[in-house]
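Visitor: Coordinates for the following, if possible.
(one chain, ligands or ions: 2)
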Amino acid sequence: MATPSPTLVDRFGRRITYLRVSITDRCDFRCLYCMNDDTAFLPRAQILTLEEILAVCQAFVELGVGKIRITGGEPLVRKGALDLLADLGRLRGLRELVLTTNGSQLAKHASALKAAGVRRLNVSLDTLRAERFRRITRVGDLGQVLRGIEAALAQGFDKIKLNTVVLKHCNHDEVGDLVEYAVERGMDISFIEEMPLGLVTGHDRAADYYSSDEVRRDLACRFELLPTPESTGGPSRYYRVVGTATRVGFISPHSHNFCGSCNRVRLTAEGRLLLCLGNEHSMDLKRVLRAHPGDGERLKQAIEAAMALKPERHHFDLQAHPVIFRHMNVTGG
Ligand code: SAM
Ligand code: SF4
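Guide: Residues are numbered from 1 along each chain as shown. Ligands and ions are numbered 1, 2, ... in the order given. From the prediction side, this is the model:
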């Protein structure tokens, strides 16, 4: 009789098949919904080494996880990120290796990413206007990101998806132009409702909330959107832009809770395995890694034990003070 393949299942019967890994909390941007302009970063000794990250990813793949997303902070600012991606690309059993980036380093690294085995890219892009881009990211250069996107398109990744956090009074009037930009380049685009992760001082989250339903209503004036049952195994609900190759996704943690079908867990840059984006339940894998170096079995036991900690759902509330004190760059979006 064939041995059944290993699986990670939580208390609510959800199969965990997807790991998101923040390889650094550092970033070359300071997006106002993600962090503050004086955000302090973790000392180097506190974050996992690239070897430790690889060991955790390998353990997850041996436990049946087929998809890994590398994120941050900005993953491409970490020295050695491309070597790590190449090592991950060689893991047997890993079906999908994907990356989320702010695009600032893409012009330089697009071809190396493709060669490393990265199949799909998510690039964050909140606006097509240089001044706004500077205001949202505080320091970023839009031209550099747009050149990065063109370089990535030239490499022929399986798919490139844009991620846009929509804020009222800031970029909500640009959702149509962003869809147009995606359509012209055969890319997908997801619109994200801001999540209350960490205290941010640069803007008022409740006042700037713009729901996915409002975005969809605005887009309907300009595009024909057809709901599709297609899923990438994520929280996005997708619509096809009729007559184009583009899908528009909506990630709506406030207006449409997506916890019931959650298939993912997250590894923070400091080696905490987070069982839910909106809760603090976690397992300290760095402790396991450093107490038992090279012991893959111990690591797998710890990961299996962590499944019992995965909560049923998140409870985000924009009006209340954040109950989650980690910023998104720490969590890994
Ligand atoms: N630096 C990379 C980037 O920006 O794509 C990867 C990390 S970033 C934390 C991942 C995603 O999280 C980005 O698309 C970003 O827009 C999103 N994000 C950051 N803070 C958020 C928040 N408070 N609510 C919703 N999305 C957020
Ligand atoms: Fe950096 Fe990404 Fe956070 Fe912006 S959203 S500050 S690019 S980690």
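Visitor: and the residue of the stretch 151-300 of the chain nearest ligand 2?
Guide: residue 165 (7.7 Å; C-beta to the nearest ligand atom). Any C-beta I mention is one placed from the backbone N, CA and C, and that applies to glycine too.
Visitor: My guess is that residue contacts residue 33. True?
Guide: Yes. Using C-beta atoms under 8 Å, residue 165 is in contact with residue 33, at 5.5 Å.
Visitor: which residues do these two both contact?
Guide: Common contacts of residue 165 and residue 33 (C-beta atoms under 8 Å, 6 or more residues apart in numbering): residue 194.
Visitor: how close does residue 167 sit to residue 191?
Guide: Counting by C-beta to C-beta, to the nearest Å, the separation of residue 167 from residue 191 is 11 Å.
Visitor: which one of the two has more residues nearby?
Guide: The neighbour comparison of residue 167 against residue 191 (other C-beta atoms under 10 Å) goes to residue 191, with 28 against 22.
Visitor: Surely that one touches residue 174?
Guide: No. Using C-beta under 8 Å, residue 191 makes no contact with residue 174, being 10.7 Å away.
Visitor: which residues touch the closest residue to residue 68 other than its chain neighbours?
Guide: Nearest residue to residue 68, sequence neighbours excluded (C-beta to C-beta, 6 or more residues apart in numbering): residue 19, at 5.1 Å. By C-beta under 8 Å, 6+ apart, the residues touching residue 19 are 57, 60, 65, 67-69, 264-267.
Visitor: Next up, phi/psi of residue 19, please.
Guide: phi -120, psi 130 (degrees, to the nearest 10).
Visitor: What score does it have for pLDDT?
Guide: According to the prediction, residue 19 has pLDDT 97.
Visitor: what about it, distance to residue 273?
Guide: 9 Å.
Visitor: which neighbours do the two share?
Guide: Common neighbours of residue 19 and residue 273 (C-beta under 8 Å, 6+ apart) are 265-267.
Visitor: Among those, which lie within strands?
Guide: 265-267 (DSSP state E).
Visitor: and ligand 2, which of those residues reach it?
Guide: When C-beta under 6 Å from any ligand atom is taken as the criterion, no member of these contacts ligand 2.
Visitor: Using CSV, lay out these together with pLDDT and neighbour count.
Guide: Below are these laid out as CSV (pLDDT from 0 to 100; neighbours: other C-beta atoms under 10 Å):
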residue, pLDDT, neighbour count
265, 93, 27
266, 94, 21
267, 97, 28
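Visitor: returning to what we had before: and the residue of the stretch 151-300 of the chain closest to ligand 2, what is it in contact with?
Guide: 31, 33, 124, 126, 192-194.
Visitor: which parts of the protein sit against ligand 2?
Guide: So far as C-beta under 6 Å from any ligand atom goes, the chain lies against ligand 2 at 27, 29-31, 34-35, 72-74, 102, 124, 328-329.
Visitor: could I get those as CSV with secondary structure?
Guide: Below are the residues of the chain next to ligand 2 laid out as CSV (DSSP: H, G, I helix; E, B strand; the rest coil):
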residue, secondary structure
27, coil
29, coil
30, coil
31, coil
34, coil
35, coil
72, coil
73, coil
74, coil
102, coil
124, strand
328, helix
329, helix
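Visitor: among those, who's most crowded?
Guide: For these, neighbours tallied by other C-beta under 10 Å; top is residue 73, 29 neighbours.
Visitor: Count the neighbours of residue 230 for me.
Guide: If we define neighbours as other C-beta under 10 Å, then residue 230 has 12 of them.
Visitor: tell me the SS of the closest residue to it other than its chain neighbours?
Guide: Using C-beta to C-beta, 6+ apart and skipping the chain neighbours, the partner closest in space to residue 230 is residue 238 (5.2 Å). Three-state call for residue 238 (three-state DSSP): strand.
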